[in-house]
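Undergrad: any chance you could fold what I've pasted below:
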Amino acid sequence: MSTLLLEKINTVATFDENRTRLKNAWILIRDQQIDSIGTGTPPVEKVDQRINLSGHVVLPGMVNTHHHLFQALLRNIPALQDVALFDWLHTMYLLMSEVTDEAQYVSALVNQAELLLSGCTTNVDHSYLRLNDMEHDTEIRAAREIGIRFHLARGSFSIGQSQGGLPPDHIVEDEDDILADTERLIRTYHDPDPFAMTRIDNAPCSPFSITPRLMRESIKLARTYDVGNHTHLAESPDDDRYMRETYGRSSVEVAEDWGWVGPDVWYAHGVVLSDSDIDIMARTGTAVAHCPNSNMYTAAGCCRVRDLLRAGVTVGLAVDGSAANNASNMINEVRNALLLQRAFYGADSLSPTQALELATIGGAKLLRRKDIGAIETGKAADLIAVNINQLAMAGGMHDPVAGVVLCSPGKVDYTIVNGRVLVARGELVGMDIAAIIERHNALSGALVKRTEKRYGLDLSGYAPRQAYPYEERG
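TA: Model (predicted):
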């Protein structure tokens, strides 16, 4: 049995039921879970490891509830910088078709390293590509190597453009193959026990890339094994228009007809929601993963987080895929979730503490996990620590917990997952990140060049637009 003592902590924000905060605190970790918490002098003298956190705020590890890990390969492509969601997707589908298994693996390491450095300890990847030599198992291997707690949400495309869907035909799968592989992944990897490091969820990509038959059949399969269910829904005005033109109702109304509501269901984005949609979600216990940076980047709009919370809907937080965000930074996601609600709905729409709740207890509840999301005795030892004696926090000590959100430090100093220190003093432990970045950049560049050559595109040419053109003067 190993022991780790975090001592002399400036502030612990537990996010327990009472939102307890402790000063001059300590936390004792035994193996993978929190053994005890207190203030003052710890009641133990001998431990395997101790870390002095006298200048730090300690928070629960954050939960990222929606990602597409392969998209780190496709960040910051000039041709995708100024387009809305559906136009963005049309080009993205072509780029996706060139992803290889090695590229998927390295991209998973890159994105999850970035998540760990920004305070994320549990990650959900909505993994909907299975083409070329790609296997979903590869992402599980990458997550286990890096040490993050991981949910693989097995995604899929099943209707291509020839059948009225949005994806090109060459990236879709046979529906029976999708169901069989989803069941294989569940039976092989899903761990339902507390402190599980790997779980599998069912996640057909979206109603405009999947048939109603697959939506219904996949959720029946998932409920046989009691795994979660996830899909993109009500993501943008284009999405909403497609659903109304195709099915004559809102996205949430169609989802309810398909059986896609309940405490085991969460939607990514949920930007276009009416009052009646929110009522359905509240009545059925359906949750949503809010992706503020992605929604701003793709000009999709703003999720009604304030109204969802007031209705009793569970809301988690997510970075979304790196091509729709260009980052995988959970602290920045918390900050922008706060600012976006304030910009749309007023200064009292979301507090810094509530924004942190989305990323911690909200994400845990969305995933139906009682073992993570708060700092309490018996819960998993998933913790992060932020140094408050740094330039970004200078003058912000009046409320150091809120300062982590408002003062935007951007990264954490310690990340502990399942009792293991994965980030120490702001650096990843035991990872040659420079070598990984070098390989990732080479794979990314080659992928874009292959796509350009195959489809006759120019995706990476720089085309500046001047906001204030120079005027000729006589």
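
Undergrad: drop to CA atoms for contacts and neighbour counts, all remaining ones
TA: OK.

Undergrad: how many neighbours does the closest residue to Pro192 other than its chain neighbours have?
TA: Spatial nearest neighbour of Pro192, chain neighbours left out: Arg199 (7.1 Å); criterion: CA to CA, 6 or more residues apart in numbering. Neighbour count of Arg199, defined by other CA atoms under 10 Å: 21.

Undergrad: separation between Arg199 and Ile384?
TA: Computed as CA to CA, to the nearest Å, the Arg199 to Ile384 distance reads 22 Å.

Undergrad: one more: Arg304?
TA: Distance from Arg304 to Ile384, by CA to CA: 28 Å.

Undergrad: the more surrounded of these two?
TA: A count of neighbours by other CA under 10 Å puts Ile384 above the other of Arg304 and Ile384, at 26 against 22.

Undergrad: residues in contact with the helix or strand hosting the more buried one?
TA: Using DSSP states H and E, Ile384 falls within strand 383-387. The contact list for strand 383-387, computed with CA atoms under 8 Å, 6 or more residues apart in numbering, reads 53, 55-61, 119, 121, 375, 404, 411-417.

Undergrad: again, 6 Å this time
TA: 55-61, 119, 412-416 (CA atoms under 6 Å, 6 or more residues apart in numbering).

Undergrad: describe which strands it pairs with in its sheet and in which direction.
TA: strand 56-60 (antiparallel), strand 414-417 (antiparallel) (DSSP bridges).

Undergrad: convert that strand to CSV, retaining C-alpha atoms only.
TA: Once non-C-alpha atoms are left out, strand 383-387 reads as follows in CSV (Å, rounded to 0.1, in the frame of the first residue of the first chain):
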residue,chain,number,x,y,z
LEU,A,383,-6.7,16.1,-7.7
ILE,A,384,-5.1,19.2,-9.2
ALA,A,385,-3.1,22.0,-7.6
VAL,A,386,-2.6,25.5,-9.0
ASN,A,387,0.2,27.7,-7.8
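
Undergrad: and that strand, average pLDDT?
TA: The average pLDDT for strand 383-387 rounds to 98.

Undergrad: one more: stretch 366-373?
TA: Here the average pLDDT along stretch 366-373 is 98.

Undergrad: most neighbours, which of the contacts of strand 383-387?
TA: Neighbour-wise, those (other CA under 10 Å) top out at Thr415, 34 neighbours.

Undergrad: who does it form a beta bridge with?
TA: The partner residues for Thr415, given DSSP bridges, come to Ile384, Val423.

Undergrad: 414 is where my numbering starts, stick with that
TA: With the count now opening at 414, the last piece we talked about shows up as Thr828.

Undergrad: looking at the contacts of strand 796-800, spot the one nearest Gly858.
TA: Gly532 (28.6 Å; CA to CA).

Undergrad: quick one, what contacts that closest one?
TA: With CA under 6 Å, 6+ apart, Gly532 has these contacts: 474-475, 797, 825.

Undergrad: do you know the pLDDT at it?
TA: The model's pLDDT for Gly532 equals 98.

Undergrad: neighbours around the closest residue to Ala492 other than its chain neighbours, how many?
TA: For Ala492, ignoring the flanking residues on the chain, the nearest one in space by CA to CA, 6+ apart is Leu872 at 4.9 Å. Neighbour count for Leu872, taken as other CA under 10 Å: 16.

Undergrad: can I assume Leu872 sits in a helix?
TA: No - Leu872: not assigned to a helix; according to DSSP: H, G, I helix; E, B strand; the rest coil it is coil.

Undergrad: still on that earlier bit, nearest to Ser707 among the contacts of Gly532?
TA: Using CA to CA, the contacts of Gly532 come closest to Ser707 at Met475, 18.0 Å.

Undergrad: which outside residues touch the helix or strand of the chain with the lowest mean pLDDT?
TA: Taking mean pLDDT, DSSP states H and E as the measure, the helix or strand of the chain with the lowest value is helix 498-509, at a mean of 90. With CA under 6 Å, 6+ apart as the test, helix 498-509 has contacts from 711, 864.

Undergrad: buried residues in the helix or strand just after it?
TA: Toward the C-terminus, helix 498-509 is succeeded by helix 514-530 as the next helix or strand (DSSP H and E). Neighbour-count burial for helix 514-530 flags 514, 516-530 (criterion: 16 or more other CA atoms under 10 Å).

Undergrad: from these, pick the one nearest Ala805.
TA: After measuring those against Ala805 - CA to CA - the closest member comes out as Leu530, at 16.2 Å.

Undergrad: how much space separates the closest one from Val814?
TA: Leu530 is 18 Å from Val814, by CA to CA.

Undergrad: now do Asp461
TA: 29 Å.

Undergrad: ok, these two, which is more surrounded?
TA: Under the criterion of other CA under 10 Å, the comparison of Asp461 against Val814 puts Val814 first, with 23 against 10.

Undergrad: that one: what's it in contact with?
TA: Neighbours of Val814 in contact, by CA under 6 Å, 6+ apart: none.

Undergrad: quick one: low-confidence ranges for the stretch 714-863 of the chain?
TA: Within the stretch 714-863 of the chain, no stretch has pLDDT under 70.

Undergrad: would you map the helices across it?
TA: Assigned by DSSP state H, counting those that start in this stretch, the stretch 714-863 of the chain shows helices spanning 718-724, 743-758, 765-770, 776-779, 813-819, 846-868.

Undergrad: so which of the ones you listed is nearest Asp604?
TA: Of all those, helix 776-779 comes closest under CA to CA, at 15.9 Å.

Undergrad: is it true that Pro617 touches Ser569?
TA: Yes - between Pro617 and Ser569 there is a contact at 4.9 Å, judged by CA atoms under 6 Å.

Undergrad: ok so, going back, gap between the strand holding Ile797 and the chain center?
TA: 19 Å (CA atoms, centre = their mean, to the nearest Å).

Undergrad: any idea of the angle it forms with helix 514-530?
TA: Orientation of strand 796-800 against helix 514-530 (axes from the mean of the first three to the mean of the last three CA atoms, to 10 degrees) gives an angle of 60 degrees.

Undergrad: now the strands: where do they sit in the stretch 614-763 of the chain?
TA: 642-646, 678-682, 700-703, 728-730 (DSSP state E, counting those that start in this stretch).

Undergrad: what is the shortest one packed up against?
TA: With contacts taken as 3 or more CA pairs under 6 Å, 6 or more residues apart in numbering; DSSP states H and E, strand 728-730 sits against strand 700-703.

Undergrad: go with 10 Å
TA: strand 475-477, strand 678-682, strand 700-703, helix 718-724, helix 743-758, helix 765-770, helix 776-779 (3 or more CA pairs under 10 Å, 6 or more residues apart in numbering; DSSP states H and E).

Undergrad: same check, this time on the third one
TA: Contact here means 3+ CA pairs under 10 Å, 6+ apart; on that basis strand 700-703 packs against strand 642-646, strand 678-682, helix 718-724, strand 728-730, helix 776-779.

Undergrad: switch to 7 Å and redo it
TA: Here strand 700-703 touches strand 678-682, strand 728-730, going by 3 or more CA pairs under 7 Å, 6 or more residues apart in numbering; DSSP states H and E.
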